[in-house]
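sequence plus predicted model, see below.
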Amino acid sequence: MGVDVAVEALGKPQTFMQCTLSVKDGGKAVMIGPSQAGFVGEIDINRLFRRKDLPKVVKLAESGIFNLANAVSSRYKFEDAGKSISRSQ
């Protein structure tokens, strides 16, 4: 459940969170308010894209609209997965 579109116009941490949590699956959260200096908002990454939107995102990435040059910083063998976790912390 939730709304189709939520607009955050105050730029406050509380209203940022309310806006992101109030949209339904597939809804849109629009942030137009000036954010407070130093505020870092958190969102559930699983709510950013729906499965049906993934092909569109892939096409956008292929078109070069995203700078993906530095998206992968390192590669590890499966047996070295622990090293990658340690490095990310």
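Now that the structure is in, tell me what you want to look at.

end to end, how far does stretch 71-83 reach?
End-to-end span of stretch 71-83 (C-alpha to C-alpha, to the nearest Å): 18 Å.

list the contacts of that stretch.
For stretch 71-83, the surrounding residues in contact (C-beta atoms under 8 Å, 6 or more residues apart in numbering) are 84, 87. C-beta coordinates here come from the backbone N, C-alpha and C atoms, glycine included.

return the distance of that stretch from the chain's centre.
Distance of stretch 71-83 from its chain centroid, counting by C-alpha atoms, centre = their mean, to the nearest Å, is 22 Å.

which stretches of the chain form strands?
3-8, 23-31 (DSSP state E).

between strand 3-8 and the longest one, find me the angle.
Regarding strand 23-31 and strand 3-8, their directions subtend 30 degrees when assessed with axes from the mean of the first three to the mean of the last three C-alpha atoms, to 10 degrees.

tell me the helices and strands packed up against strand 23-31.
strand 3-8, helix 13-22 (3 or more C-beta pairs under 8 Å, 6 or more residues apart in numbering; DSSP states H and E).

among those, which comes closest to residue 28?
Set against residue 28 and scored by C-beta to C-beta, the helices and strands packed on strand 23-31 come closest in strand 3-8, at 4.9 Å.

what pairs with that closest one, parallel or antiparallel?
Here strand 3-8 has these sheet partners by DSSP bridges: strand 23-31 (parallel).

what score does the most far-flung residue of the chain relative to its centre have for pLDDT?
Of all residues in the chain, residue 79 has its C-alpha farthest from the mean position, at 29.1 Å, by C-alpha atoms, centre = their mean. Looking at residue 79, its pLDDT reads 92.

what of the one 10 residues further on?
Per-residue confidence (pLDDT) for residue 89: 73.
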